[in-house]
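*Asks:* When you get a sec, could you give me coordinates for this:
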Amino acid sequence: MRQTAGLGTPLDAAATVNRGFLPGNRFRLKGSLLLPLLAMWLVACSQAEPPATVSAEFDSRHNDEQPALSGNGRFLALVSNRDGNRGILLYDRKQRQMVDLPRLNRRNAIAESPSLSYTGRYIVYVTSDSIRPEIELYDRVLQQPQVLTANYRGWFRNPSISPDGRYVAFEAGVRGQWDIEVLDRGPNVESDVPDELRSRLSSSP
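*Replies:* Just a heads-up that it's a prediction; the model follows:
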């Protein structure tokens, strides 16, 4: 015996749901679910904003490459040919402007592969002329470059400076292969790590 019920009863509701899963109603069910999901996705996409990048602040038509950030994240060094010659530029992300680097870039040499200390006071990089490359250190306070590899033989690349500015690591091709060298500038080097941060790091376990 077939059981029947009036409209609005639980049996009618169950029958309506069951009919939704019949082959003839398959497209109707999928469409009813798809449209709300599509609307939600379009709203989310319209509200989402891309993350802010430095490129939007100082982008140019020239090639900018080999980025290096200072330890505190304020300064960005890069290699570019914006000035007509390939060289190292320094961008202040807080002031949103380029920083002058007197005597760092020279017309008879190419500077590249920069690395910055914690506040960006010290910049180490590779400079090469017609003879051979050298590792140089630029002090932004003194505004003077200093050759660090004058007593080394061979070729050099990929320098990296410690946050305090005391140690400089680089690759040296002295023995016919690339080896890692670490140069200690000595304990008398003025540290580029603020005193407050140094004391906090030294007291941490």
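*Asks:* low-scoring stretches of the chain, by residue?
*Replies:* 1-39, 41-59, 130, 199-205 (pLDDT under 70).
*Asks:* Tell me where it has strands.
*Replies:* Using DSSP state E, the strands of the chain run over residues 64-69, 75-80, 87-92, 97-99, 110-116, 122-128, 133-139, 144-147, 155-161, 167-173, 179-184.
*Asks:* which residues touch the shortest one?
*Replies:* The one in question is strand 97-99. Applying C-beta atoms under 8 Å, 6 or more residues apart in numbering, the contact partners of strand 97-99 are Phe58, Phe75, Leu89, Leu90, Tyr91, Asp92, Arg140. To be clear about C-beta, it is placed using only N, CA and C from the backbone, and glycine gets the same treatment.
*Asks:* I'd like the residues you listed laid out as a markdown table, including distance to Ser128 and neighbour count.
*Replies:* Putting the contacts of strand 97-99 into a markdown table (distance: C-beta to C-beta, whole Å; neighbours: other C-beta atoms under 10 Å) gives the following:
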| residue | distance to Ser128 | neighbour count |
| --- | --- | --- |
| Phe58 | 26 | 17 |
| Phe75 | 23 | 24 |
| Leu89 | 18 | 22 |
| Leu90 | 20 | 21 |
| Tyr91 | 23 | 20 |
| Asp92 | 27 | 14 |
| Arg140 | 22 | 21 |
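*Asks:* Closest to Leu197 out of those residues?
*Replies:* Nearest to Leu197 among these is Phe75, at 16.2 Å by C-beta to C-beta.
*Asks:* check contacts around that closest one.
*Replies:* Leu69, Leu90, Tyr91, Asp92, Arg93, Val99, Leu116, Thr119, Gly120.
*Asks:* Which of the strands of the chain has the highest mean neighbour count?
*Replies:* Of all the strands of the chain, strand 122-128 carries the top mean neighbour count, a mean of 24, counting by mean count of other C-beta atoms under 10 Å.
*Asks:* Given that one, what are its sheet partners and their directions?
*Replies:* Note on strand 122-128: by DSSP bridges, its sheet partners are strand 110-116 (antiparallel), strand 133-139 (antiparallel).
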